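In: This is the structure alone, sequence omitted:
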């Protein structure tokens, strides 16, 4: 194979593809090394130094410098994830933002016409789905924050929907329920335990001879200083293109990361929940979504593309989200969304969940805090505002 198809030489003799960043060396790093925007992306596909050059004899010579010779040219924009996958935002708490205020919300009340909850009447299920959390696990993140990932089954589809939970006060009732014939090890393995797991632990509850007593745990989780209003909640629909393959057609990846960052701020004592629904493409699926992308390149906007494919502009349903929030014992929440019509949809047919505040999700680039800009995402946001009623500042859109 031509030498130009290979990237950095690894210790085992193999080479990474040229668009991979180099592995960090063993030398000490400063506190700035974690800043992705100033990182060393030296071996990108767009860096000529990462390809092979020909010497005077026409022979191909590898010109990749050693790891001790840093290169600073960034990769082309097409390879950069606007959300930097894996996410760089959850739990980011440097001395400069450790005391950052939890975002303020706008009070809403769906029980009155002027309650700030949109004008549409969302399609609500008469009866909420039945959901069950079958397993939970602690997830340490790349930035130091921790979350608990809950996996749910339900009686309406065969998909595995998820709840990403921040904070120690939020628990699943169906997970904690005792199941017939299960052992203590069964409970530990499926995540139905209190406190922390450690090698040699044999009981799902905290016993008197553990380092942390149940009374101490209860005081820690339910003390007055630890409860500050309803938790911050985001209902997030799966977006493979925006979260995984660096798409600049939408801001879904950025919204997921920013929601996680806000929920894991040190002073967000109420915790947070991201309900991650497997509703790709606003409910039409990945294949149809890719067709819609092609229609967008032919001149349609996101709403028109869905309609041309004989799908609703938005085919999503939020009954599963409501049921999952109920299982997590939530009655009042602060909803992180720009879509006021989502408020009533999440509350359920009989307001099983009450949204007390709507917290805006403003693109980072609009606030001058990084993020990304692209013609596609700007058109996407413009359509959301003009045709779907999302509450974003039109004056902030580039002209």
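Out: Structure received. None of the values given here were measured: they were computed from a predicted structure. Residues are numbered from 1 along each chain as shown.

In: quick one: residue 148 from residue 186, how far?
Out: From residue 148 across to residue 186, the span is 18 Å (CB to CB, to the nearest Å). Bear in mind the C-beta positions are built from the backbone N, C-alpha and C, glycine included.

In: more crowded one of the two?
Out: residue 148 (19 against 12; other CB atoms under 10 Å).

In: Now whichever strand or helix holds that one: buried residues?
Out: Using DSSP states H and E, residue 148 sits within strand 146-154. For strand 146-154, burial by neighbour count (16 or more other CB atoms under 10 Å) applies to 147-154.

In: Stretch 131-146 too?
Out: For stretch 131-146, by 16+ other CB under 10 Å, it's 131-133, 136, 141, 143, 145.

In: returning to what we had before: turn the buried residues of strand 146-154 into TSV, columns for distance to residue 337.
Out: Shown next, in TSV, are these (distance: CB to CB, whole Å):
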residue	distance to residue 337
147	20
148	22
149	22
150	21
151	23
152	21
153	26
154	22
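
In: domains of the chain?
Out: 30-80, 106-279+316-396 (automatic domain parsing).

In: related to what we said a few turns ago, quickly check the buried residues of stretch 131-146 for the two that are furthest apart.
Out: Farthest-apart pair in these is 132 and 143; separation 30.8 Å (CB to CB).

In: quick revisit: show me what the strand holding residue 148 is packed against.
Out: strand 131-140, strand 161-166, helix 319-327 (3 or more CB pairs under 8 Å, 6 or more residues apart in numbering; DSSP states H and E).

In: Direction included, what does it pair against?
Out: Counting by DSSP bridges, the strands paired with strand 146-154 are strand 131-140 (antiparallel), strand 161-166 (antiparallel).

In: The shortest one: what's the following helix or strand?
Out: This points to strand 161-166. helix 173-176.

In: list the buried ones in the helix or strand just after that following helix?
Out: Next helix or strand after helix 173-176 toward the C-terminus (DSSP H and E): helix 184-189. For helix 184-189, a neighbour-count test (16+ other CB under 10 Å) marks residue 187 as buried.

In: Which other helices and strands does helix 184-189 contact?
Out: Partner elements for helix 184-189 (3+ CB pairs under 8 Å, 6+ apart): none found.

In: those strands in this structure, which residues are they?
Out: Secondary structure of the chain (DSSP state E): strands at 53-54, 60-61, 106-107, 131-140, 146-154, 161-166, 232-237, 272-277, 332-336, 354-359.

In: Nearest to residue 202, out of those?
Out: strand 131-140 (18.0 Å).

In: How much space separates residue 363 from residue 117?
Out: Counting by CB to CB - residue 363 and residue 117 are separated by 23 Å.

In: repeat for residue 243
Out: For residue 243 relative to residue 117 (CB to CB), the value is 28 Å.

In: likewise residue 193?
Out: Taken as CB to CB, the span from residue 193 to residue 117 is 38 Å.

In: between these two, who's got more neighbours?
Out: Counted by other CB under 10 Å, residue 193 and residue 117 do not tie: residue 117 has more neighbours, with 23 against 19.

In: Using TSV, lay out the strands paired with strand 146-154 together with distance to residue 372 and mean pLDDT.
Out: As requested, the strands paired with strand 146-154 are exported to TSV (distance: least, CB to CB, whole Å; pLDDT from 0 to 100):
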stretch	distance to residue 372	mean pLDDT
strand 131-140	26	97
strand 161-166	23	97
